[in-house]
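**Student:** Let me see the structure of the following:
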Amino acid sequence: MTYMDPKTVDKLEGKIEEAIAEIIVKMSVRKLPLLPSRHTLHLMAKAAVAVYEAAVENYDRGRPFEEPVEG
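**Tutor:** Prediction:
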């Protein structure tokens, strides 16, 4: 089982939170029913990273539903 480094998880959550906030601000309340609070944005980012961590774990278990990124 592969665990992601907590610093990497925190950084990824922060970057995803920024991206979600940027998209929501650009769409504005004219298209969205409400603007989420910082807490809600944070929870959205944490959820996205949790899904990613599950994909990593599944890949490590031999169920490659995702393509690895080579860098």
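**Student:** Mind listing what's buried along the host helix or strand of Ile20?
**Tutor:** Using DSSP states H and E, the element containing Ile20 is helix 6-31. Residues Val9, Leu12, Glu13, Ile16, Glu17, Ile20, Ala21, Ile24 are the ones in helix 6-31 that count as buried (16 or more other C-beta atoms under 10 Å). C-beta coordinates here come from the backbone N, C-alpha and C atoms, glycine included.
**Student:** Distance of the most far-flung residue of the chain relative to its centre relative to Thr8?
**Tutor:** The centre of the chain is farthest from one residue, Arg30, which by C-alpha atoms, centre = their mean lies 24.8 Å away. Noted for Arg30: a distance of 36 Å to Thr8, by C-beta to C-beta, to the nearest Å.
**Student:** likewise Lys46?
**Tutor:** Taking C-beta to C-beta, one finds Lys46 at 14 Å from Thr8.
**Student:** show me what contacts Ala54?
**Tutor:** Contact analysis of Ala54 by C-beta atoms under 8 Å, 6 or more residues apart in numbering lists nothing.
**Student:** one step back: could the buried residues of helix 6-31 be laid out in a markdown table, adding distance to Ala54?
**Tutor:** Output for those, formatted as a markdown table (distance: C-beta to C-beta, whole Å):
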| residue | distance to Ala54 |
| --- | --- |
| Val9 | 13 |
| Leu12 | 14 |
| Glu13 | 15 |
| Ile16 | 15 |
| Glu17 | 19 |
| Ile20 | 19 |
| Ala21 | 24 |
| Ile24 | 24 |
